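*Asks:* got a structure for you, letters missing:
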């Protein structure tokens, strides 16, 4: 539809151009003859050649070479017969320009060169005054100038088209990168929500199974904790997936303000968490707040899964230009090796996989630093530093 619209507008503009040149040529050629003594008087053949050259421009976009041939023959015949120089040369100029702007340089140059050779016929053979060699340079100008302008316009259009294509590719690539980043973000969110919930449920289920034969009343408490934890995890997962469907960041975003609720939930799963806050509490950017919370959540989930202890410590320190979170326990250290950044790469899977990778990606994406490894006095430590713009 768009292509048909463009062709229709071009046809209308070409028709208007041909009509203007036809009318102008008929009116101005007579005046030009009065000012050029020695030229042949304007007659019916002269006006016919003007009409032929003007009407040929109707096909200049669809058949540029054929248009140039017709206009060149009409113009050269007009000049050889000795009619006065006039508006018919404008039709020739437009025909050369059309070839230059619409065709590759080499075939356009060949076609324009052939037109120039035919146009030179009037320089040496004309019923009127023949200009001779002195007329070669003016005649060449009627070819070289429109040809050069057409080539420049063509090159500019091609450069603009390449720029638009590159911008389109860049936008598409950026869209793909954003989609990949969004998928990774959602995967991390789902991993954090589901992994933490399942770890707590698994621990509570083990407790319930152990207590059920001898102390059923205590098993009921564990089962109630399972129900509460699963419901909370499902609610958070539902909100996360709802945000994916809406294509927007979910609100409200979990943050460090929810650490007391996380501590209480883990207490029901058998892990006591000592929560310490240092520095004056301050409002954090949503991305920093979420990343800090997820680091603590994932670290505590790993303690619950792997450490074999019933207690962990969480320290959150607020400073003017940063916030740090630290999760420590006194469980069994894990074998591993240090990477290039000095962080542990566990060998047995603890804090590994998506958990460690997710924490590291969250922190480094915000310009922060993550350190994971065994403590010198036993146990394990996860520490993250996240920069924050200083408050005004």
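*Replies:* All right, it came through fine. These figures come from a predicted structure and were not determined experimentally.
*Asks:* Quick one: neighbours of the closest residue to residue 103 other than its chain neighbours, just the number.
*Replies:* The spatially closest residue to residue 103, leaving aside those adjacent along the chain, is residue 64, at 6.3 Å (C-beta to C-beta, 6 or more residues apart in numbering). C-beta: built from backbone N, CA, C; applies to glycine. Burial measure for residue 64: 23 neighbouring residues, criterion other C-beta atoms under 10 Å.
*Asks:* Could you measure from residue 64 over to residue 371?
*Replies:* When distances are taken as C-beta to C-beta, to the nearest Å, residue 64 and residue 371 turn out to be 70 Å apart.
*Asks:* for residue 180, same thing?
*Replies:* The spacing between residue 180 and residue 371, counted by C-beta to C-beta, is 27 Å.
*Asks:* How about residue 102?
*Replies:* The spacing between residue 102 and residue 371, counted by C-beta to C-beta, is 65 Å.
*Asks:* for residue 261, same thing?
*Replies:* Using C-beta to C-beta, which is the criterion applied here, residue 261 is 26 Å from residue 371.
*Asks:* Of the two, which one has the most company?
*Replies:* Neighbours per residue (other C-beta under 10 Å) separate residue 261 from residue 371, with residue 371 holding more: 15 against 11.
*Asks:* What count of nearby residues applies to the nearest residue to the more buried one once chain neighbours are set aside?
*Replies:* The shortest distance from residue 371 to any residue that is not its chain neighbour, by C-beta to C-beta, 6+ apart, is 4.6 Å, and that residue is residue 383. The local packing count at residue 383 equals 18, with neighbours defined by other C-beta under 10 Å.
*Asks:* what's the answer for residue 57, then?
*Replies:* As a measure of burial, residue 57 has 23 neighbours, counting by other C-beta under 10 Å.
*Asks:* One more: residue 385?
*Replies:* Applying other C-beta under 10 Å, we find 19 other residues in the vicinity of residue 385.
*Asks:* Wasn't it part of a strand?
*Replies:* Yes. Judged by DSSP: H, G, I helix; E, B strand; the rest coil, residue 385 forms part of a strand.
*Asks:* From here on, call the first residue 662.
*Replies:* Let's use 662 as the start, then, which means that last one is residue 1046.
*Asks:* isn't it right up against residue 1030?
*Replies:* Yes. Taking contact to mean C-beta atoms under 8 Å, the distance of 4.7 Å between residue 1046 and residue 1030 places them in contact.
*Asks:* overlap in contacts of these two?
*Replies:* By the contact definition C-beta atoms under 8 Å, 6 or more residues apart in numbering, residue 1046 and residue 1030 are jointly contacted by residue 1024.
*Asks:* helix/strand/coil for the residue nearest to residue 970 when sequence neighbours are not counted?
*Replies:* In space, residue 970 comes closest to residue 992 once its chain neighbours are excluded; the distance is 4.3 Å by C-beta to C-beta, 6+ apart. Classification of residue 992 into helix, strand or coil gives coil, according to three-state DSSP.
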